[in-house]
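Peer 1: Structure, please.
(one chain, ligands or ions: 1)
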Amino acid sequence: MRIALAMLLYVYALYAMEGKEVYEKKCASCHQGYIPMSKLKENFQDYNNTLLKLTAPTLNQLSYRLKKSIGDPKGDNEIHRMEVAAFISEYVLNPDRQKSLCLDEVMQSFETMPSLKGKVSEEELEAVSTYIYDFDEKVVEKNSVQYEGFEKALQKAKNEHKIIMLKVMTKDCYYCRKMDREVMVEKEVVDMLEKDFISVAIDISTTELPLGLKAEFTPSFIFIDENSKVLMNLPGAWNKMDFLDILREAKKKQR
Ligand code: HEC
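Peer 2: As a prediction, the model looks like this:
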């Protein structure tokens, strides 16, 4: 049993490594890796792709779109992975715009993908599909602001005269996830949070809020000063500009 598990993990690790190589060799000439969502939106909505001049959807776009649109994202993960991999393999061999899952406003900027039939093996497709499946979450994790536990955050807030930014979320909340992908990874947001705030994230489906706090909504953002005084308690999701304004507002309320 142990050995089987170890082998399985080994195979996954191999896939992850090979997947990246396959991507670099066979897909990267057209599909760029990670570009932040705000840049992508600006490029497609305001500039008709003249800003970035992309030749194909980026990997974070692909990863997010395919996972969201194919099968049941909240169902069994192994099955979902297989469904997404099947779509990718089929698309790479037989590209067909009718079957595309990307937004029309994005697709209209691109030529149809040429078929890679005969240029990529079944194993390579399997490996690259795993890489694409995991890509979106990995880049979000890598670029996101870092969260601390509440007790430690309170101590730090006292020592460093900072404000606690408490994000109230649940794992399945769509708008929490959307903000994680589109706002909490933006450089200006991360920089500002790291300079003047300590960030805490609490999943209210599993954990109670500290200080007897209540939140009706996910996400909610509660700002708490070093003396445990609540400065602001805001339900709702925000875009980058509005969230930066909220952070400035919280700073103004700090004494
Ligand atoms: C020569 C350029 C080129 C190469 C190389 C290329 N692609 Fe594409 N790909 C595109 C373009 C352009 C699109 C968007 C238009 C379309 O769907 O035909 C696309 C679309 C896709 C889609 C469908 C997206 C959707 O909206 O459903 C998938 C999946 C995909 N590519 C995977 C891959 C993988 C995996 C590789 C590498 C093994 C790869 N592509 C290599 C140009 C390329």
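
Peer 1: Counting neighbours, what do you get for S121?
Peer 2: Residues lying near S121 (other CB atoms under 10 Å) number 10. Just so you know, the C-beta spots here come from the backbone N, C-alpha and C atoms, and that holds for glycine as well.

Peer 1: Quick check: the gap between it and the ligand.
Peer 2: The spacing between S121 and the ligand, counted by CB to the nearest ligand atom, to the nearest Å, is 10 Å.

Peer 1: Please apply the same query to K253.
Peer 2: 44 Å.

Peer 1: Kindly report the same for V183.
Peer 2: 24 Å.

Peer 1: how about that residue, what does it touch?
Peer 2: V189, W238, N239, K240, F243 (CB atoms under 8 Å, 6 or more residues apart in numbering).

Peer 1: now the strands for the stretch 51-200 of the chain?
Peer 2: Along the stretch 51-200 of the chain, counting by DSSP state E, counting those that start in this stretch, strands occupy 163-169, 197-203.

Peer 1: So which elements touch the last one?
Peer 2: Think strand 197-203. Applying 3 or more CB pairs under 8 Å, 6 or more residues apart in numbering; DSSP states H and E, one finds that strand 197-203 contacts helix 150-160, strand 163-169.

Peer 1: Would you mind writing the CA trace of that strand as PDB?
Peer 2: C-alpha atoms of strand 197-203 as PDB (Å, rounded to 0.1, in the frame of the first residue of the first chain):
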ATOM      1  CA  PHE A 197      -1.400  45.600   7.400                       C
ATOM      2  CA  ILE A 198      -1.200  42.000   8.700                       C
ATOM      3  CA  SER A 199      -3.500  39.800   6.700                       C
ATOM      4  CA  VAL A 200      -5.600  37.100   8.300                       C
ATOM      5  CA  ALA A 201      -8.100  34.700   6.400                       C
ATOM      6  CA  ILE A 202     -10.700  32.800   8.300                       C
ATOM      7  CA  ASP A 203     -13.000  30.200   6.800                       C
END
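
Peer 1: Tell me the strands beside it, with direction?
Peer 2: strand 163-169 (parallel) (DSSP bridges).

Peer 1: angle of the partner strand against helix 150-160?
Peer 2: With axes from the mean of the first three to the mean of the last three CA atoms, to 10 degrees applied, the angle from strand 163-169 to helix 150-160 works out at 160 degrees.

Peer 1: what pLDDT, on average, does strand 163-169 get?
Peer 2: In this model, strand 163-169 has a mean pLDDT of 98.

Peer 1: next one: that strand to chain centre, how far?
Peer 2: Its chain's C-alpha centre and that of strand 163-169 lie 18 Å apart, by CA atoms, centre = their mean, to the nearest Å.

Peer 1: quick one on the thing from earlier: can you lay out the contacts of V183 as TSV showing secondary structure, neighbour count and pLDDT?
Peer 2: Shown next, in TSV, are those (DSSP: H, G, I helix; E, B strand; the rest coil; neighbours: other CB atoms under 10 Å; pLDDT from 0 to 100):
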residue	secondary structure	neighbour count	pLDDT
V189	helix	20	97
W238	coil	17	96
N239	coil	15	94
K240	helix	20	94
F243	helix	23	98
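
Peer 1: what residues does the stretch 1-150 of the chain put near the ligand?
Peer 2: Residues of the stretch 1-150 of the chain found near the ligand (CB under 6 Å from any ligand atom) are 26-27, 29-31, 55-57, 62, 65, 88, 91-92, 95, 97, 100-102, 107, 110-114, 116, 120, 128.

Peer 1: For PyMOL, what selects the buried ones among the residues you listed?
Peer 2: To isolate the buried ones among these in PyMOL, judged by 16 or more other CB atoms under 10 Å, type:
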select buried, resi 26+27+31+56+57+62+65+88+91+92+100+102+110+113+116+120+128
